[in-house]
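Trainee: got a predicted model here, sequence first, then my questions.
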Amino acid sequence: MSFFGKLFGKKEKETLDEGLNKTKEGFFSKITKAIAGKSTVDDEVLDSLEEALVNADVGIDTTLEIIGRLEKRVQQDKYLGTSELNRILQEEIEAILIDAADADYKNFEVPANKKPYIILVVGVNGVGKTTTIGKLAYNYKKAGYNVLLGAADTFRAAAVDQLTIWSERVGVPIVKQAMGSDPSAVAFDTVKSALSKGSDIVIIDTAGRLHNKAYLMDELTKIKRVIGKLLPNAPHEVMLVLDGSTGQNALEQAKHFTAATDVNSLTITKLDGTAKGGVVLAIAHQFKIPVKFIGVGEKIDDLLIFDKHEFVDSLFKL
């Protein structure tokens, strides 16, 4: 069963282009300024470009990797002109990224031997985690899957209420308990219900707190352990949701969560309202974890599959 049929159609591309407008404007203006008045790519251009990329929230480590790749290209072609720089820069940025099309989700199909497919969603409060779950549920259901939600963020009544609203909006069932209940108990009941109902996909929300990393780690470990009792090797996916508009703060959150649990996919939200979309490049490169989805708007279908070629193409599109 194909998830979206194809990664990108005309509508998805238009949505991506529009959603990245603010990032593109800032990104392009910095790069244009770096090469203004220059005809060849020399050390001065590379230094200016390095500064421009860092200021565009691409991150120091990722910027150094990109600049290093450009330096090799310049050495190979001593007469490389600035007119060719955008194309080469685009190629090198794309080369350092991995995305869903490179990973296990290539065809966006739930493996026949992983039913129900369990997705544990993690991330701090306010990044758009619950909204992302709602949009995921909508798209998976649209693709023909039977979806079940689990409200394991039991520390905030608002989180359970919000997820309940999404379940009603999308038309998928939800498992929940009273506020303050043991999150692992909710996760256990959710998976147990999925097994009895024959659900295809289970998406479980978790609490988003970073003030005590040890407690966070213990809680996520417990949730994974109780799920594993019912379904060996589950959860199959631990998805970290990050707010792209927070720039380098998103990188710090990724460090905490990847240390606390085995994150194997990323979703970057709120890219439509920020000029800091360059952080997607830093996150994908630094953590070597595929970005699976990006959020580029408020509408229910504004959650897009991350395709590195289309993403970088939109960044450089005039």
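Mentor: Yes, it's here. Residues are numbered from 1 along each chain as shown.
Trainee: do you know the pLDDT at Leu7?
Mentor: pLDDT, Leu7: 55.
Trainee: please apply the same query to Glu50.
Mentor: On the pLDDT scale, Glu50 gets 90.
Trainee: tell me which element it is part of?
Mentor: helix 43-55 (DSSP states H and E).
Trainee: what about Met217, neighbour count?
Mentor: 15 (other CB atoms under 10 Å). The C-beta positions use only the backbone N, C-alpha and C, and glycine is treated the same way.
Trainee: touching the helix or strand where it lies from outside, list them.
Mentor: Element membership of Met217 [criterion: DSSP H and E] is helix 213-230. Residues from elsewhere that reach helix 213-230, judged by CB atoms under 8 Å, 6 or more residues apart in numbering: 118, 120, 122, 152, 183-185, 187-188, 191-192, 195, 204, 206-207, 209-210, 234-235, 238, 256, 259-261.
Trainee: if we go to 6 Å?
Mentor: 184, 187-188, 191-192, 234-235, 256, 260-261 (CB atoms under 6 Å, 6 or more residues apart in numbering).
Trainee: ok, so of those, who is nearest Ser245?
Mentor: His256 (18.3 Å; CB to CB).
Trainee: neighbours of that closest one, how many?
Mentor: 16.
Trainee: quick one: the helices in the chain?
Mentor: 10-19, 21-35, 43-55, 60-76, 85-95, 129-142, 157-170, 183-197, 213-230, 248-260, 279-287, 308-316 (DSSP state H).
Trainee: which of those sits closest to Asp272?
Mentor: Here helix 10-19 is closest among these (CB to CB), at 4.1 Å.
Trainee: got the confidence number for the closest residue to Val186 other than its chain neighbours?
Mentor: Take Val186 and drop its neighbours on the chain: the residue closest to it by CB to CB, 6 or more residues apart in numbering is Ala152, 4.3 Å away. Note for Ala152: predicted pLDDT of 95.
Trainee: just checking, Ala152 touches Thr206?
Mentor: Yes - at 5.3 Å, Ala152 counts as touching Thr206 under the criterion of CB atoms under 6 Å.
Trainee: higher neighbour count, the two?
Mentor: Using other CB under 10 Å, the more surrounded residue of Ala152 and Thr206 is Ala152, with 30 against 27.
Trainee: could you check how far that one is from Glu94?
Mentor: Applying CB to CB, to the nearest Å, the value for Ala152 to Glu94 is 37 Å.
Trainee: and if you look at Asp205?
Mentor: 33 Å.
Trainee: which one's more surrounded, those two?
Mentor: More crowded of Asp205 and Glu94, by other CB under 10 Å: Asp205, with 32 against 16.
Trainee: appreciated, that's everything.
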